[in-house]
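Visitor: Prediction below, plus the sequence it came from.
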Amino acid sequence: MSEQGAGGRGYWDESNEALVAIIRDRIADAGRITFAAFMELALYHPEYGYYRTDAVRAGRAGDFITAPEAHAIFGHTIARRLAAMWRQLDRPEPFTLREYGAGAGTLAIAILDGLRTDGDDLLAALRYEPVEINPAREAELAERLGEAGFADHLCQPEPGGRITGCVLANEFVDAFPVHRVEMRDGELREIYVVWRDGWFADEPGPLSTPEIAERLEREGVTLAEGQRAEVALGPAGWIAEVAAALERGYALVIDYGYPAAELYGPERRDGTLKAYTRHTVHDDPYRAVGEQDLTAHVDFTALMDAARDHGLTVLDLTTQADFLANAGIGEILVAMQRRPGITAEEYLAARAAVMHLIDPGGMGRFRVLTLGRET
């Protein structure tokens with residue numbers, strides 16, 4: 001941690017003071033808390049968590065830009081893949097698209113607009129079910145869908161209800177709380193959060209749960225001496241939820257991350273935990289508590305193992321660049337040139353977005369995991 005962070009006073013102004021007090025009291029009661037508990041409160045506290053307030057988080061006015069915010073062509077390309085899935089399932093009606101982390105509906109609107117632009121029959125059969133924990137974003141989503149002419153497609157997920165269709169999660173899994181661990185003197189230790197010298201600080205201790213070591217052992221991972229890493233236990237439970245809901249169809253998980261052998265390789269000695277605020281990235285999770293996003297790279301091996309454990313078939317794991325290319329993003333870009341009324345500026349913006357989305361040094365290296373249950 002920086003010297004300023006260790007003293008704490010320099011970070012008060014950047015943080016949500018009410019949330020800081022809540023976490024500080026939690027630590028006072030317990031002595032220390034896991035980083036997963038800290039991250040859960042920082043991101044998801046019902047009143048003050050980063051993802052629960054009314055503040056704009058995604059997009060150019062927020063702290064980060066995801067692929068849907070980069071350009072609608074991303075959603076149009078997803079629409080083509082969904083149409084192919086629908087036909088593979090023999091055109092069921094309805095075909096439900098359940099999106100986790102739906103936000104204000106940017107991706108959903110682009111998908112529906114892509115189907116409308118292509119004149120695809122799936123549009124009439126598609127039912128859209130957003131899963132969004134922020135009521136303000138949920139209300140905004142409904143309003144925007146209505147303005148775009150897609151209000152009739154909006155449905156609320158039924159608790160325990162099963163669907164035929166596709167579960168979609170774009171940059172959703174990376175925000176699951178993580179346990180931070182470190183290899184010291186040949187022993188796997190957990191990094192806890194304590195209150196010291198007026199601010200949050202790290203403190204090593206024994207593992208809070210044997211599940212952490214069991215996960216790494218199952219994946220054949222042994223950290224190098226002095227190496228830090230993150231282990232997210234929550235995504236396995238989420239996959240179980242997805243599997244229970246998916247009667248027939250597919251799941252698309254799009255996120256930055258790697259299979260375990262790469263994620264926990266010795267070249268990542270400091271782990272992958274990052275904080276995002278105002279379109280800048282840094283590695284201090286205690287800097288702007290409640291006012292910055294916290295993420296860690298996704299362990300795709302863990303997701304695939306959980307999927308198989310719960311009866312889903314792993315159909316593909318590829319890069320976003322290859323996924324978008326195979327789904328037809330190039331064809332969509334070419335077709336834009338022939339669209340009546342398209343301006344040179346609009347076309348060039350779309351082409352620049354495509355280059356950004358498939359750049360192997362940037363978003364193109366994101367992974368896309370496709371799961372299925374076709375019976």
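Guide: Now that the structure is in, tell me what you want to look at.
Visitor: Identify the residue nearest Asp283 in space, chain neighbours excluded?
Guide: Distances taken as C-beta to C-beta, 6 or more residues apart in numbering place Lys274 nearest to Asp283, at 6.2 Å, with adjacent residues excluded. In this view, the C-beta of every residue, glycine as well, is placed from N, C-alpha and C.
Visitor: Next one: the one you found, what pLDDT does it get?
Guide: In this prediction, Lys274 carries a pLDDT score of 94.
Visitor: need the contact list for it.
Guide: By C-beta atoms under 8 Å, 6 or more residues apart in numbering, the contact set of Lys274 is 281-283, 294-296.
Visitor: One more: Phe172?
Guide: Taking C-beta under 8 Å, 6+ apart as the criterion, Phe172 is in contact with 100-101, 253, 255.
Visitor: Out of the residues you listed, who's the most crowded?
Guide: In terms of neighbour count, Val253 stands highest of the contacts of Phe172 at 28 neighbours, by other C-beta atoms under 10 Å.
Visitor: May I have the beta-bridge partners of that one?
Guide: With DSSP bridges as the criterion, Val253 is bridged to Ala169, Leu369.
Visitor: Wait, it touches Gln320, no?
Guide: No: under the criterion of C-beta atoms under 8 Å, Val253 makes no contact with Gln320, lying 11.3 Å away.
Visitor: Give the residues shared as contacts by these two.
Guide: Taking C-beta under 8 Å, 6+ apart as the contact criterion, the common neighbours of Val253 and Gln320 are Val368.
Visitor: Can you give me the distance of Phe35 to Pro68?
Guide: Distance of Phe35 to Pro68, given as C-beta to C-beta, to the nearest Å: 29 Å.
Visitor: If you could redo that for Pro92, that was the one I meant.
Guide: 25 Å.
Visitor: List the buried residues for the helix or strand harbouring Leu141?
Guide: When secondary structure is defined using DSSP states H and E, the element that contains Leu141 is helix 135-147. Under the neighbour-count criterion of 16 or more other C-beta atoms under 10 Å, helix 135-147 has 137-138, 140-142, 144-145 buried.
Visitor: and the closest residue to His282 other than its chain neighbours, which of the three is it?
Guide: Nearest residue to His282 in three dimensions, chain neighbours excluded: Ala275, at 5.5 Å (C-beta to C-beta, 6+ apart). Taking DSSP: H, G, I helix; E, B strand; the rest coil as the rule, one finds Ala275 in the strand state.
Visitor: Ala275 reaches Val289, doesn't it?
Guide: No: using C-beta under 8 Å, Ala275 is not in contact with Val289; the gap is 9.9 Å.
Visitor: Between the two, tell me which one has more neighbours.
Guide: With other C-beta under 10 Å as the criterion, Ala275 and Val289 differ in neighbour count, and Val289 comes out ahead with 27 against 21.
Visitor: What ranges in the stretch 201-350 of the chain fall below the confidence cut-off?
Guide: Scanning the stretch 201-350 of the chain for pLDDT under 70 picks out the ranges 279.
Visitor: where along it do the helices fall?
Guide: Read by DSSP state H, counting those that start in this stretch, the stretch 201-350 of the chain holds these helices, from start to end of the chain: 211-218, 234-245, 260-263, 300-309, 320-327, 329-337, 344-358.
Visitor: can these go into TSV with extra columns for mean neighbour count and distance to Asp121?
Guide: Supplementary listing: the helices of the stretch 201-350 of the chain in TSV, determined by neighbours: other C-beta atoms under 10 Å; distance: least, C-beta to C-beta, whole Å:
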stretch	mean neighbour count	distance to Asp121
helix 211-218	16	43
helix 234-245	18	25
helix 260-263	17	40
helix 300-309	20	29
helix 320-327	20	18
helix 329-337	15	18
helix 344-358	15	25
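Visitor: any idea how far the nearest residue to Met183 once chain neighbours are set aside is from Tyr192?
Guide: Counting by C-beta to C-beta, 6+ apart, Leu223 is the residue found nearest to Met183 once chain neighbours are left out, at 4.0 Å. Leu223 sits 17 Å away from Tyr192 when distances are taken as C-beta to C-beta.
Visitor: Leu252 too?
Guide: The value you get for Leu252 to Tyr192, if C-beta to C-beta is used, is 35 Å.
Visitor: Let me see the contact set for the nearest residue to Arg269 once chain neighbours are set aside.
Guide: With C-beta to C-beta, 6+ apart as the criterion, Arg269 has its nearest non-adjacent residue at 4.8 Å, and that residue is Gln227. Contact partners of Gln227, counting by C-beta under 8 Å, 6+ apart, are 182-183, 264, 266, 268-269.
Visitor: Of the residues you listed, which pair is most distant in space?
Guide: For those, the maximum inter-member distance is 13.7 Å, found between Glu182 and Pro266 (C-beta to C-beta).
Visitor: which of those two has more neighbours?
Guide: Taking neighbours as other C-beta under 10 Å, Glu182 and Pro266 compare with Glu182 leading, 20 against 9.
Visitor: I'd like the secondary structure assignment at the more buried one, please.
Guide: Per three-state DSSP, the secondary structure class of Glu182 is strand.
Visitor: Which residue comes closest to it once chain neighbours are left out?
Guide: With sequence-adjacent residues excluded and distances taken as C-beta to C-beta, 6+ apart, Glu182 is closest to Arg228, at 4.7 Å.
Visitor: For that neighbour, give the beta-bridge partners.
Guide: Using DSSP bridges, the beta-bridge partners of Arg228 come out as Glu182, Asp270.
Visitor: can you count the residues close to it?
Guide: Neighbours of Arg228 under the rule other C-beta under 10 Å: 19.
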